[in-house]
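S.K.: sequence-free structure coming up:
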């Protein structure tokens, strides 16, 4: 089994005024093919900063001080944005909870069909009938029931949980090998308990039968224990790959 993502000794600083302080210190983590890794920590522990660093989405004033971020042995940090864009659109994808800004900027303007077409037609053109068939296939894989019924709907008209499933369906349609799910506890606040269990089951099935790898950032150890193969703590910007624990004995 190969390693998809290997973050080694990642350190990030954040500047405020004339002061610059280190907010991530030598963070290391590794996600193998077909694995679900959970990174668990309290608010402001560095979870979202780590996810942001992997995807070049650090806030203003933040910068990577040192370390490596490798995807299938390719070091991503030296690459230009244009070189990274295809990877972030296909093999390595980030899903975060929906925000009001996302609803205003994109969700209101594009139907589900158009969202799926954006992912499906990046590499090849296809007829409307083929597009419809593939869109329904990936929507179903993401756990959306009766996918043919939502293609002409706007995502902001869908239940909250289904919007998250739509993002997952787009990642799958784009050919994702590794999906990073940031702030899962915030995401799950909009789910009913049944929807939460369904989403967990979908993610595990995608790992078991499709070989999808997942990196989960959460404050809730119960989420990690119900979903992940291994979990590692992050605290005050410190996280070390060798601190990860096996969770097979904790599965709900």
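M.R.: Structure's in. What do you need? All values reported here derive from a predicted model rather than from experimental measurement.

S.K.: doesn't residue 34 fall inside a strand?
M.R.: No: remark: residue 34 does not belong to a strand; assigned using DSSP: H, G, I helix; E, B strand; the rest coil, it is coil.

S.K.: phi first, then psi, for it.
M.R.: When quoted as degrees, to the nearest 10, the phi and psi of residue 34 stand at phi 70, psi 20.

S.K.: right, and it touches residue 207 too?
M.R.: Yes: applying C-beta atoms under 8 Å as the test, residue 34 and residue 207 come out as touching, 6.1 Å apart. Every residue, glycine included, has its C-beta placed from N, CA and C.

S.K.: what is in contact with these two at once?
M.R.: Taking C-beta atoms under 8 Å, 6 or more residues apart in numbering as the criterion, residue 34 and residue 207 both touch residue 213.

S.K.: go ahead and confirm residue 15 touches residue 61.
M.R.: Yes: if you go by C-beta under 8 Å, residue 15 and residue 61 touch, sitting 4.1 Å apart.

S.K.: residues contacting residue 164?
M.R.: By C-beta under 8 Å, 6+ apart, the neighbours of residue 164 are 95, 97-98, 187, 190-191, 199.

S.K.: try residue 91
M.R.: Counting by C-beta under 8 Å, 6+ apart, residue 91 touches 71, 175-178.

S.K.: for it, report the pLDDT, please.
M.R.: We have a pLDDT of 93 for residue 91.

S.K.: any idea how far it lies from residue 212?
M.R.: According to C-beta to C-beta, to the nearest Å, residue 91 stands 11 Å off from residue 212.

S.K.: overlap in contacts of the two?
M.R.: Here residue 91 and residue 212 share the contacting residues 176-178, scored by C-beta under 8 Å, 6+ apart.

S.K.: avg pLDDT for the longest helix along the chain?
M.R.: For the chain, the helix with the greatest residue count under DSSP state H is helix 193-210. For helix 193-210, the mean pLDDT works out to 94.

S.K.: helices or strands next to it in the packing?
M.R.: Helices and strands touching helix 193-210, by 3 or more C-beta pairs under 8 Å, 6 or more residues apart in numbering; DSSP states H and E, are strand 36-40, helix 128-141, helix 160-173, strand 213-218, helix 221-227.

S.K.: can you do 10 Å?
M.R.: For helix 193-210, the contact count by 3 or more C-beta pairs under 10 Å, 6 or more residues apart in numbering; DSSP states H and E identifies strand 36-40, helix 128-141, helix 160-173, strand 178-181, helix 184-188, strand 213-218, helix 221-227 as packing neighbours.

S.K.: give me whichever of those is most buried.
M.R.: Mean neighbours per residue, mean count of other C-beta atoms under 10 Å, is largest over the helices and strands packed on helix 193-210 for strand 36-40, with a mean of 26.

S.K.: quick check: angle from the next helix or strand after that one to strand 36-40?
M.R.: Using DSSP states H and E, the helix or strand that follows strand 36-40 in sequence is helix 47-54. Compare the direction of helix 47-54 with that of strand 36-40 by axes from the mean of the first three to the mean of the last three C-alpha atoms, to 10 degrees and you get 130 degrees.

S.K.: tilt between helix 47-54 and strand 213-218?
M.R.: 140 degrees.

S.K.: show me what helix 47-54 is packed against.
M.R.: The contact analysis (3+ C-beta pairs under 10 Å, 6+ apart) places helix 47-54 against strand 3-16, strand 19-32, strand 36-40, strand 62-71, strand 92-95, strand 178-181, strand 213-218.
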